[in-house]
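S.K.: sequence and predicted model, in that order:
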Amino acid sequence: MKFYISVDMEGIAGIALKEQIYRGEMFYEESRRLLTDEVNAVVEALVQAGATEVFVKDAHASGFNLLCGSLHPLATLAVGPLPLSNRFPGLDGTFDGALLIGYHAMAGTPGALLEHTFSYADISELALNGAPIGEIGIDALLFGRCGVPVVFVSGDDKACAEAHRQLGTVVTYETKKGTGRHAGLLKAPRRVLAEIGESVKEAVTRRSECKPYALPGPYEMRIDYTSTNLADAHAFEADGVRRQGGRTLKLEDDDLMRLLVRTFR
Ligand SMILES: [Zn+2]
């Protein structure tokens, strides 16, 4: 069995502040250890459940946050350029499932720790075919395009709720409960390391219940920017863009990947 892990940093146990998630900030180095230990616990559980190959993509910021020298020996680290069209290097239809580790709720979710959608500064909401969507949904669509179902999501309680809402059947594990963007109740990381493996094994057992995530086309993306300035800039950059008021653009496309690439251009 083969599994593909995409790992973000905001939903990792013990993390609640921006000072923990950006290179050069005061608490960043400890967060790299927390991230690496949690990923290793997930890889170990997958191996114990029968996985023979596990790819790990570091999807946070620069994509170089994991402590590579401490990564589980059975993991393959997938690195590559940042364009969305190559967000998951090496992904193809041979994987039995995808796991989203350390994920966070979409921008604007009340009571969600470190909520955002790809950018803290630029985007206040994305809606695909009329329904709000965040990173969990978009990454699930990218895996789904290759026929790979998301079988497991970890993060705060709001991220887990979003995963169930968006994907239907999926196993989730809460690393913390959010009460605000930087406020909540965090499980001790050592407790999470002890617990998360059992949930991962349950996800492997139940993987056939999870379907590759897909939405029928044609596609329309509504982008609500945080300022008119950003909407101005993007409106002039792209073809086929409709302005819907000061801060909002709409893009249409028959091809999902092309639409997503245009959204984040
Ligand atoms: Zn992140």
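M.R.: Alright, I've got the coordinates. Everything quoted here is computed from the prediction, not taken from an experiment.
S.K.: for the stretch 51-200 of the chain, what spans make up the helices?
M.R.: Remark: helices assigned in the stretch 51-200 of the chain by DSSP state H, counting those that start in this stretch are 135-145, 157-167, 189-205.
S.K.: close enough to count as contact, Lys201 and Ala45?
M.R.: Yes - counting by CB atoms under 8 Å, Lys201 does reach Ala45; the two are 5.4 Å apart. In short, each C-beta sits where N, CA and C put it, glycine included.
S.K.: what's the angle between the top helix by length along the chain and helix 189-205?
M.R.: Across the chain, the longest stretch assigned as helix under DSSP state H is helix 28-48. Compare the direction of helix 28-48 with that of helix 189-205 by axes from the mean of the first three to the mean of the last three CA atoms, to 10 degrees and you get 30 degrees.
S.K.: can you start the count at 333 instead of 1 from here on
M.R.: Sure thing, new numbering starts at 333, so read that last one as helix 360-380.
S.K.: pLDDT on helix 360-380, on average?
M.R.: Average pLDDT, helix 360-380: 98.
S.K.: if you look at that helix, does any of it touch the ion?
M.R.: No - figure legend: helix 360-380 not in contact with the ion (CB under 5 Å from the ion); closest approach 10.2 Å.
S.K.: next, the buried residues of that helix.
M.R.: For helix 360-380, burial by neighbour count (16 or more other CB atoms under 10 Å) applies to 360, 363-364, 366-379.
S.K.: please apply the same query to stretch 578-593.
M.R.: Across stretch 578-593, burial judged by 16+ other CB under 10 Å covers 579-581, 583, 585, 588, 591-592.
S.K.: and the furthest pair within those residues?
M.R.: Arg579 and Leu588 (24.1 Å; CB to CB).
S.K.: would you map out the domains in the chain?
M.R.: 334-451+466-541, 551-595 (automatic domain parsing).
S.K.: closest to Ala459 out of those?
M.R.: domain 551-595 (4.3 Å).
S.K.: what is the burial count for whichever residue of the stretch 333-482 of the chain sits closest to the ion?
M.R.: Residue nearest to the ion within the stretch 333-482 of the chain: His392 (3.8 Å; CB to the ion). Residues lying near His392 (other CB atoms under 10 Å) number 19.
S.K.: contacts only, for the spatially closest residue to it that is not a sequence neighbour.
M.R.: Leaving out its chain neighbours, the residue that sits closest to His392 by CB to CB, 6 or more residues apart in numbering is Met341, at 4.0 Å. Each residue near Met341 by CB atoms under 8 Å, 6 or more residues apart in numbering is listed here: 347, 352-353, 363, 367, 392-393, 397, 434.
S.K.: and stretch 359-370, how far from the chain's centre?
M.R.: Its chain's C-alpha centre and that of stretch 359-370 lie 17 Å apart, by CA atoms, centre = their mean, to the nearest Å.
S.K.: where does the stretch 383-532 of the chain come near the ion, residue by residue?
M.R.: His392.
S.K.: the stretch 383-532 of the chain: strands as residue ranges?
M.R.: Taking DSSP state E, counting those that start in this stretch, the strands of the stretch 383-532 of the chain run over residues 385-390, 407-410, 429-435, 455-460, 463-464, 482-488, 503-512, 515-518.
S.K.: and for the residue in the stretch 483-597 of the chain that the ion sits nearest to, nearest residue in space, chain neighbours not counted?
M.R.: Going by CB to the ion, the ion is nearest to Gly487 of the stretch 483-597 of the chain, at 10.5 Å. Distances taken as CB to CB, 6+ apart place Gly343 nearest to Gly487, at 2.8 Å, with adjacent residues excluded.
S.K.: pretty sure that neighbour is in contact with Thr507, am I right?
M.R.: Yes - between Gly343 and Thr507 there is a contact under CB under 8 Å: 6.1 Å.
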